[in-house]
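Undergrad: Take a look and give me a structure for this.
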Amino acid sequence: MKRILIRILYEDWFSNELRDGVRYIGIGYLLIPLVLFVVYLLVAGRRNGLSRKELSSELLWLGAIAVAILCLPLVANKLPVQSMPVFGWGFMLVLGFIVATKILERRAQPMGIPKGVIWDFCTYMLVAGIVGARLFYVIQYRERIFDDKTGVEWLKAAVNFSDGGMVFYGGVILGMLVGVRFARKRKLPLLLLADIVIPGAFIGLGFGRIGCLLNGCCYGDFCSLPWAIQFPPGSPPFETLVNRGFLDEMATASLPLHPTQIYSSINAFILAGLTMVWFRYRKHDGEIIILAFLTYPVTRFVLELLRNDEPGQFATNFTISQWVSMGLFVSGWVLLFYFKKYPRPLTPLPLKLEPPETSAKRISAARSA
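TA: Predicted structure coming up:
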């Protein structure tokens, strides 16, 4: 567990020191990966025949980030804090987003979907996933979160991500709604788009679960196996075990627990590989959706049996995630029988998509006529 990976010092360029178990580095180190990424973009763009004008959007964003980094030391003495923490969960979330988006970009381009569309879609999915996951958690634990809170305190509690609390299925539900809206607005074949991006969702989940391990959430039940893990005092598993009377508050570590975060991460990466391979052999659009609905709920249901961070719901021993898993599993079978009766042929590839400006001009002309 390591909630804070490093802290970035605003006032120093290239300092590197260890304080209270946390590595402090100067802000100048952030320029190194930024420069390497610019070089990568230019080399990759030249290899793919792209001009700098075509890469201007990404280069502009990187330039803005570089300017912000260069300006921070100049105003560091006026800031309320002199360092910025890099949280393990947030870092893995961003890393998973970048890796998944780059993989989906490479998968989508041969099919006629521009990389800009994939980046837009993944950005929408990232925001929808975070909002939906937090919203699901807030609704599920509303009594504990909003107890004796009113007004501004209520709002702060709702968006207090540092306190933990996100449910993956909440992100899935809101993400599906936003994805349908995105596909219709961009005039993309919905089933094909879903088949393409589902592996990316599993990749992002795989990185996210590693972030859960660093954060100390989504922990498992007692484990006597050699690979059991223990968490330090102050961590969510440690505090929960103390509150439940299973652990002395003066203990130096929690009881050995199942590393369910690692199980979940491995499961997600395996499903990402499975859905990517299956995509090559599918005979109808929508097959990857069905595959995801029939596999992930089963594995998630089983993993919930090894976890110890959520109580049963609806007067049963089943957690809320297990109930949603059962619902998705049934939905997968409904989709399977429906597509067997009304099969969706494969969309001809590559897609012939209109550039956004062309589509806007055509719509404007039609309205004026």
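Undergrad: can you map out the strands along the chain?
TA: Using DSSP state E, the strands found in the chain span residues 4-9, 16-19, 22-26, 83-87.
Undergrad: Walk me through which strands the longest one pairs with, and which way each runs.
TA: Applying DSSP bridges, strand 4-9 is found paired with strand 22-26 (parallel), strand 83-87 (antiparallel).
Undergrad: Next, the buried residues of it.
TA: Using 16 or more other Cβ atoms under 10 Å as the test for burial, strand 4-9 gives 5-9. C-beta coordinates here come from the backbone N, C-alpha and C atoms, glycine included.
Undergrad: With distance to Val302, mean neighbour count and mean pLDDT as extra columns, can I get the strands paired with strand 4-9 in JSON lines?
TA: As requested, the strands paired with strand 4-9 are exported to JSON lines (distance: least, Cβ to Cβ, whole Å; neighbours: other Cβ atoms under 10 Å; pLDDT from 0 to 100):
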{"stretch": "strand 22-26", "distance to Val302": "36", "mean neighbour count": "17", "mean pLDDT": "85"}
{"stretch": "strand 83-87", "distance to Val302": "29", "mean neighbour count": "16", "mean pLDDT": "81"}
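Undergrad: could these be laid out in JSON lines, adding distance to Lys341?
TA: Output for the strands paired with strand 4-9, formatted as JSON lines (distance: least, Cβ to Cβ, whole Å):
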{"stretch": "strand 22-26", "distance to Lys341": "59"}
{"stretch": "strand 83-87", "distance to Lys341": "48"}
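Undergrad: Of those strands, which is nearest Val277?
TA: Val277 lies closest, by Cβ to Cβ, to one member of those: strand 83-87, at 33.7 Å.
Undergrad: Contacts made by the closest one with the rest, please.
TA: Strand 83-87 has contacts (Cβ atoms under 8 Å, 6 or more residues apart in numbering) with 3-10, 24, 215.
Undergrad: Need the worst-confidence member of those.
TA: The member of the contacts of strand 83-87 with the lowest pLDDT is Tyr10, at 76.
Undergrad: That one: neighbour count?
TA: Using other Cβ atoms under 10 Å, Tyr10 is surrounded by 18 other residues.
Undergrad: Surely it and Leu70 touch.
TA: No - with the criterion set as Cβ atoms under 8 Å, Tyr10 and Leu70 do not qualify as a contacting pair; they are 11.6 Å apart.
Undergrad: quick revisit: quick one: the strands of the chain as a markdown table, columns for distance to Val138 too.
TA: A markdown table is the format used below for those (distance: least, Cβ to Cβ, whole Å):
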| stretch | distance to Val138 |
| --- | --- |
| strand 4-9 | 24 |
| strand 16-19 | 34 |
| strand 22-26 | 30 |
| strand 83-87 | 20 |
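Undergrad: and of these, who's closest to Phe301?
TA: Nearest to Phe301, of all those, is strand 83-87, at 29.3 Å by Cβ to Cβ.
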